[in-house]
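K.L.:
With the sequence up front, the predicted model follows.
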Amino acid sequence: FGYDAAGVNIRNYNVNDIVIKEDGIKRKLLWVDCPPEDLSRFSLILVLDLSGSMGDPVDPPNDYRSRLTVARNAIRSFIGNLPVGRFECALTAFSVNSYLLCDFTDDVSLLIQALDSNIVAPKSLTDYNAAFLYDVYNNPGALQIAEHAKYKPFIIFLTDGKHEFRSTSDRYEVWMPQIIDKTNQLDATIFSIALNLEQTDILVSLAQGPKNKGDVFGDVNQSTIDQVYQEILQKIEVKGITPPCDLVFETDCNGGEMTMEIEKISASTSKTYTISESIKPSLEVDPRNFDFKNVLPGESPVQDVTIT
């Protein structure tokens, strides 16, 4: 998308407004489509606490379901409500270790399958450093996964406990400076959900970074958790990036330097790109050998071949 001199986002383009060139050769623009500006796109990383306390009843004696069951049901509902075509989502979990349950995808069925995997079960302690950065085995946390987000990344962090790690002294405390620095570097926003837990100073700090303010929800229970996830989704839809315009043009598949000129706003841009061999069109012929019979030395016969 482009902006005019007054800073207005111009989105009403047609194929005659844009000139595409590859290595100086003008290409035919087939179509251009600009989705409505309010249909933002965003990258989500859902983080689920798998500490031992997540196996405790959520509200005895009124509700003996485990906290993990309640959290998993809420996440399943949240995933089902994601707007089609506007998101990519990754699913992670943590205790002492970090678990990438599902990398970025827009396939809801893959996310649900990962959420229901056997890995998702209460385990041991609560290591926030594993959740956001990396665990003792260098398995990636949410912010490392966010490094390859397609859109602006949003992290939704659910926990029922405070940071607790006793195995190595360097992980006794939450690495707040590193987490905040990484969050700012990636232009990420963190939303924290405290299940059966009051909001803590650490959760507030995570959600209220100096660059991208998220939010923290404390004392969340089985009656409010769905509403909290829905409220977060509404906030993310406002904070996500404006969807870019899509265009399709004819090419010779060799790649090179592409130049785009938009005459109506006197703007231009260029980008060098390559096309992967794996997606280029190709033709496989079987058999590959042809016999030219009774050819004398010095002759150059011509034979028509039909490929079916």
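P.N.:
Alright, I've got the coordinates.
K.L.:
Low-confidence ranges, this structure, go.
P.N.:
Across the chain, the ranges flagged by pLDDT under 70 are 1, 167, 209-211.
K.L.:
Which parts of it are helices?
P.N.:
For the chain, helices defined by DSSP state H occupy the ranges 67-80, 108-115, 128-132, 142-145, 176-185, 201-207, 225-239.
K.L.:
could these be laid out in CSV, adding distance to residue 40 and mean neighbour count?
P.N.:
Bear in mind the C-beta positions are built from the backbone N, C-alpha and C, glycine included. Shown next, in CSV, are those (distance: least, Cβ to Cβ, whole Å; neighbours: other Cβ atoms under 10 Å):
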stretch, distance to residue 40, mean neighbour count
helix 67-80, 17, 19
helix 108-115, 19, 17
helix 128-132, 24, 27
helix 142-145, 21, 22
helix 176-185, 20, 16
helix 201-207, 20, 18
helix 225-239, 6, 17
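K.L.:
Relative to residue 290, which of those is closest?
P.N.:
Counting by Cβ to Cβ, residue 290 lies closest to helix 108-115 out of the helices of the chain; the figure is 46.3 Å.
K.L.:
Output the closest one as PDB, restricted to C-alpha atoms.
P.N.:
This file holds the C-alpha atoms of helix 108-115, laid out as PDB (Å, rounded to 0.1, in the frame of the first residue of the first chain):
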ATOM      1  CA  VAL A 108      -7.100 -24.300  12.700                       C
ATOM      2  CA  SER A 109      -7.200 -28.100  12.600                       C
ATOM      3  CA  LEU A 110      -3.400 -28.300  13.100                       C
ATOM      4  CA  LEU A 111      -3.600 -26.000  16.100                       C
ATOM      5  CA  ILE A 112      -6.400 -28.000  17.700                       C
ATOM      6  CA  GLN A 113      -4.500 -31.200  17.000                       C
ATOM      7  CA  ALA A 114      -1.400 -29.800  18.700                       C
ATOM      8  CA  LEU A 115      -3.400 -28.500  21.700                       C
END
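K.L.:
for stretch 257-274, how far is the first residue from the last?
P.N.:
From its first residue to its last, stretch 257-274 covers 9 Å (Cα to Cα, to the nearest Å).
K.L.:
Let me fix that, I meant to ask about stretch 54-74.
P.N.:
In stretch 54-74, first residue to last residue: 14 Å (Cα to Cα).
K.L.:
quick one: contacts of it?
P.N.:
For stretch 54-74, contacts defined as Cβ atoms under 8 Å, 6 or more residues apart in numbering pick out 48-50, 53, 115-116, 120-122, 158, 160, 195-196, 221-222, 225-226, 229.
K.L.:
Can you select the buried ones among the residues you listed for me in ChimeraX?
P.N.:
To isolate the buried subset of the contacts of stretch 54-74 in ChimeraX, counting by 16 or more other Cβ atoms under 10 Å, use the following:
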select :48,49,50,53,115,120,122,158,160,195,196,222,225,226,229
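K.L.:
Tell me which residues touch the closest residue to residue 15 other than its chain neighbours, please.
P.N.:
What sits nearest to residue 15 in space, not counting adjacent residues and going by Cβ to Cβ, 6 or more residues apart in numbering, is residue 29, at 4.6 Å. Residues near residue 29 by Cβ under 8 Å, 6+ apart: 15, 18-20, 247-249.
K.L.:
distance of residue 29 from residue 11?
P.N.:
Using Cβ to Cβ, to the nearest Å, residue 29 is found at 16 Å from residue 11.
K.L.:
And residue 36, by the same measure?
P.N.:
Here the criterion is Cβ to Cβ. By it, residue 36 lies 8 Å from residue 11.
K.L.:
More neighbours: which of the two?
P.N.:
residue 11 (17 against 9; other Cβ atoms under 10 Å).
K.L.:
wait, that one sits on residue 33?
P.N.:
No - Residue 11 is beyond contact range of residue 33, at 9.8 Å (criterion: Cβ atoms under 8 Å).
K.L.:
which residues do those two both contact?
P.N.:
Common neighbours of residue 11 and residue 33 (criterion: Cβ under 8 Å, 6+ apart): residue 245.
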